[in-house]
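Enquirer: need a structure here:
(3 chains)
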Amino acid sequence: MVVSKMKTAKGKDKAKTTKEALKPVDDRKVGKRKAPAEKGETRKEKKAKKDPNKPKRAPSAFFVFLEDFRTTFKKDNPNVKAVSAVGKAAGQKWKSMSQDEKAPYEEKAAKRKAEYEKLMDAYNKNLEEGSDESEKSRSEVNDEDEASEEEAQLEKGKAGDDDDADDDADDDEEED
DNA sequence: GTATTGATTGTTACG
DNA sequence: CGTAACAATCAATAC
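Expert: Now for the predicted structure:
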């Protein structure tokens, strides 16, 4: 319901504008950017991460959907053992889904993003501190930086009252 | 035996 | 403004 809601309110125009133009490169094939395993120069370099706790990029709506899709896909195709198969299928279905269906995923992704920003904040802070600690200073108060991180904050669920659940999911966004 | 690639799209951050 | 690179996954392959 609710048609009065304007899309602008959501701020979608932020990245929409020219989606097509947004992706200039048609071949965003990952393989291309991946170095040929020549020496340990792979971009990923999981073990080479110099940053102590670098927040991993928040999974996009697609990835969120993938998590769910992977399970379903595997369920239907237990024989499939290639990750690429799921990726392709997921991608195809993903494009097939209407924005409304992707909406819930986007919402989740948005949440993930918020967390990512938060982690980034801590990460930035850490870097700042790191630099500062060139000599001393570190010590003193913060013995453990990451440890605390207030693990407790998560109770967000509570409060139910406010919850943003209502969100705007209603806006019928009619997909194209 | 360990590390890496493969494939999908999105999102983010840098030049 | 554009692009590069990375986010999960899991098995197979490469060295």
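Enquirer: does stretch A:109-125 come close to DNA strand B?
Expert: Yes. Stretch A:109-125 reaches DNA strand B (C-beta under 7 Å from any atom of the strand) through A:109, A:113, A:116-117, A:120. Where C-beta positions appear, they are placed from N, C-alpha and C, glycine not excepted.
Enquirer: what about stretch A:70-88, average pLDDT?
Expert: On average, the pLDDT along stretch A:70-88 is 81.
Enquirer: can you tell me the distance between the two ends of that stretch?
Expert: The first residue of stretch A:70-88 is 11 Å away from its last residue (C-alpha to C-alpha, to the nearest Å).
Enquirer: list the buried ones in the helix or strand A:F73 falls within?
Expert: Here A:F73 sits within helix A:61-76, counting by DSSP states H and E. Across helix A:61-76, burial judged by 16 or more other C-beta atoms under 10 Å covers A:61-66, A:69-70, A:73.
Enquirer: Buried residues, whatever helix or strand A:A110 lives in. List them.
Expert: Here A:A110 is covered by helix A:99-132, with elements defined by DSSP H and E. If you call a residue buried by 16+ other C-beta under 10 Å, then helix A:99-132 has these buried ones: A:102-103, A:105-109, A:112-113, A:116, A:119, A:123, A:126.
Enquirer: okay, who's weakest in those by pLDDT?
Expert: Lowest in pLDDT among the buried residues of helix A:99-132 is A:N126, which has 63.
Enquirer: Report how many residues lie close to the residue of chain A found nearest DNA strand B.
Expert: Closest contact between chain A and DNA strand B, by C-beta to the nearest atom of the strand, is at A:G91 (2.3 Å). Neighbour count for A:G91, taken as other C-beta atoms under 10 Å: 14.
Enquirer: what kind of secondary structure is it in?
Expert: Secondary structure, DSSP: H, G, I helix; E, B strand; the rest coil: A:G91 is helix.
Enquirer: How about the contacts made by A:R70?
Expert: Listed by C-beta atoms under 8 Å, 6 or more residues apart in numbering, the contact set of A:R70 reads A:86, A:90.
Enquirer: State the distance from it to A:A82.
Expert: 12 Å (C-beta to C-beta, to the nearest Å).
Enquirer: Just give the nearest non-adjacent residue to A:Y105, would you?
Expert: A:A61 (4.0 Å; C-beta to C-beta, 6 or more residues apart in numbering).
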